[in-house]
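Q: A structural model of the following input is requested.
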Amino acid sequence: MSSWYVISFLKAFLLTTLVEWFAFLPFGRPLGSWKTLGTVIVANAFSLPIVWFAIPAFVTEYSYYALVAEVFAVFSEALILLVLLRLSYKRAIAASAFLNLCSFLVGSIFQRILL
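A: Numbers count the residues shown, from 1 in each chain. As a prediction, this is how the structure comes out:
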């Protein structure tokens with residue numbers, strides 16, 4: 001694994017965390033933004049390394065990889081939202097799906113601009 005890939009991961013982690021924190025604010029308004037930020041950091045610290053380092057080891061075709069990675073991210077992060085913020089399962093899944101959609105779209109835009 002190259003240092004370029006690790007640096008890219010760290011940049012993606014920062015961008016994903018910022019995008020998802022801002023995207024989650026409407027879902028977590030009564031919880032306060034610092035608790036929301038902490039939860040988003042924990043969720044991404046769990047899911048993003050698996051999405052970047054583990055899943056690509058098993059799934060090589062990009063379309064299938066994107067599907068597997070996004071489904072994993074949505075459900076794993078929903079579980080974290082459910083446990084840490086005590087959201088209902090419907091709200092946790094909806095929030096997680098929205099957060100991951102936002103970060104996927106922003107990441108796609110950044111990738112197109114930078115490549």
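Q: show me where the chain has its helices.
A: Under the criterion DSSP state H, helices of the chain are mapped to 3-28, 33-49, 55-58, 62-85, 89-114.
Q: buried sites along the shortest one?
A: By neighbour count, with 16 or more other C-beta atoms under 10 Å as the criterion, the buried positions of helix 55-58 are I55. Heads up, the C-betas are built off the backbone N, CA and C, glycines and all.
Q: what helices or strands is that helix leaning on?
A: Applying 3 or more C-beta pairs under 8 Å, 6 or more residues apart in numbering; DSSP states H and E, we find helix 55-58 packed against helix 62-85.
Q: got the angle for the helix it packs on vs helix 89-114?
A: 130 degrees (axes from the mean of the first three to the mean of the last three C-alpha atoms, to 10 degrees).
Q: what's the angle between helix 62-85 and helix 33-49?
A: Computed with the same axes, to 10 degrees, the direction of helix 62-85 lies at 140 degrees from that of helix 33-49.
Q: ok, and what's touching helix 62-85?
A: 28, 31, 35-36, 39, 42-44, 46-48, 50-51, 55-56, 59, 87-89, 92-93, 95-97, 99-100, 104 (C-beta atoms under 8 Å, 6 or more residues apart in numbering).
Q: buried stuff in that helix?
A: 68-70, 72-74, 77-82, 84-85.
Q: hang on, the earlier thing: any of the contacts of helix 62-85 buried? List them.
A: By 16+ other C-beta under 10 Å, the contacts of helix 62-85 give 28, 31, 36, 39, 43-44, 47-48, 51, 55, 87, 92-93, 95-97, 99-100, 104 as buried.
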